[in-house]
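K.L.:
here's my sequence, what's the structure:
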Amino acid sequence: MGLNPEATGRTTDPIEHTYNWRDVALYALGIGAGADDLDYVYEKRGPKVLPTYAVVPAFEACRQLFDVIGGDMGGVVHGGQKITIHKPFAPCGTLTTVGEVAGVYDLRRMAQSVITTQTRDEAGELLCETEWTIMYLKDGGYGGEAPPRSLKVRPPEREPDWIVDASTTESQALIYRLGSFDLNPLHVDPEAAMLAEKVTQGRPILHGLCTYGYIARAIIAQEHGGDADQLKTFYGRFSKPIWPGESIRTEGWREDGRIIVRAAATERPTDHIFTNAYAETRG
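P.N.:
So this is what the prediction gives:
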């Protein structure tokens with residue numbers, strides 16, 4: 001099935017997502033939280049919900065819209081992610097999400113789609129928004145519309161204001177998939193990884209959104225005394241893969257009211273895995 005440019009503007013029906021403290025604790029463990037993060041993993045403390053949990057209630061909307069957009073799923077990779085948080089998540093509840101195909105674009109050598117979502121709480125108040133940039137490595141050159149010019153974010157020419165190194169385990173993708181609903185076999189099955197060898201080098205790679213959560217946790221730890229509720233916007237581009245068991249080095253620069261970030265595998269410090277990235281806080 002080829003890409004369907006006519007998918008632009010299509011929306012999902014409202015999709016409900018019910019969660020409890022176990023769900024948010026498992027998600028937090030999936031993005032590297034541990035014994036030093038009891039506020040996020042222990043029910044006696046709520047638990048609090050990390051802001052990147054915004055991608056979890058949105059995931060089913062994206063999955064449904066993938067079917068509408070079409071394309072060769074064997075060549076699909078996650079290009080970029082943005083979340084905007086309007087209010088903190090409750091420790092449990094039922095959320096409602098509506099997704100929309102914001103655009104389908106031809107990059108000639110590959111193609112791109114953009115999916116946006118809005119998630120509301122039980123009172124109908126807007127809780128969070130997400131934007132997913134999806135790349136189709138096998139579907140370009142069909143004569144479609146080019147994408148709008150993308151945002152360029154570069155670190156300033158100075159040392160970062162902070163650096164955080166965080167380890168992942170060999171089982172990190174196995175944990176993350178259980179708390180995120182992202183069951184793509186590319187992240188656990190060597191045979192599936194071999195089919196996407198151009199990206200994976202034949203080995204299961206860590207979920208991009210797992211990496212995204214690790215980097216967000218680094219930002220939270222370094223800004224506003226570790227208060228996760230202060231994170232308002234987080235955007236970035238997945239540039240290269242990382243493998244379970246590697247560590248993630250996040251660098252942050254406070255610049256013009258934003259935190260500009262960049263991440264690499266600690267073992268490969270010049271091999272940047274997350275770029276063109278920034279966060280905005282409420283302070």
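
K.L.:
Tyr278 belongs to a strand, doesn't it?
P.N.:
Yes - judged by DSSP: H, G, I helix; E, B strand; the rest coil, Tyr278 forms part of a strand.

K.L.:
now do the buried residues in stretch 192-208.
P.N.:
Of the residues in stretch 192-208, Ala193, Ala196, Thr200, Pro204, Ile205, Leu206, His207, Gly208 count as buried by neighbour count, 16 or more other Cβ atoms under 10 Å. Any C-beta I mention is one placed from the backbone N, CA and C, and that applies to glycine too.

K.L.:
mind listing which of these are in helices?
P.N.:
Ala193, Thr200, Gly208 (DSSP state H).

K.L.:
could you find the lowest-pLDDT member of these?
P.N.:
pLDDT across those is lowest for Thr200, at 85.

K.L.:
hang on, it packs against Ile242?
P.N.:
No - Thr200 lies out of contact with Ile242 (Cβ atoms under 8 Å); the separation is 11.0 Å.

K.L.:
so where's the stretch 1-150 of the chain shaky on pLDDT?
P.N.:
Within the stretch 1-150 of the chain, the stretches with pLDDT under 70 are 1.

K.L.:
for it, just list every one of the helices.
P.N.:
21-30, 38-41, 55-69 (DSSP state H, counting those that start in this stretch).

K.L.:
geometric centre of this protein: which residue is closest?
P.N.:
Leu209 (3.5 Å; Cα atoms, centre = their mean).

K.L.:
what's the separation between that residue and Tyr42?
P.N.:
23 Å (Cβ to Cβ, to the nearest Å).

K.L.:
equivalent analysis for His207, please.
P.N.:
24 Å.

K.L.:
sec struct for Ala218, please.
P.N.:
helix.

K.L.:
now it: how far from Tyr40?
P.N.:
Noted for Ala218: a distance of 14 Å to Tyr40, by Cβ to Cβ.

K.L.:
quick one: Gln172 and Cys210 touch, right?
P.N.:
Yes - with contact defined as Cβ under 8 Å, Gln172 reaches Cys210; the gap is 6.4 Å.
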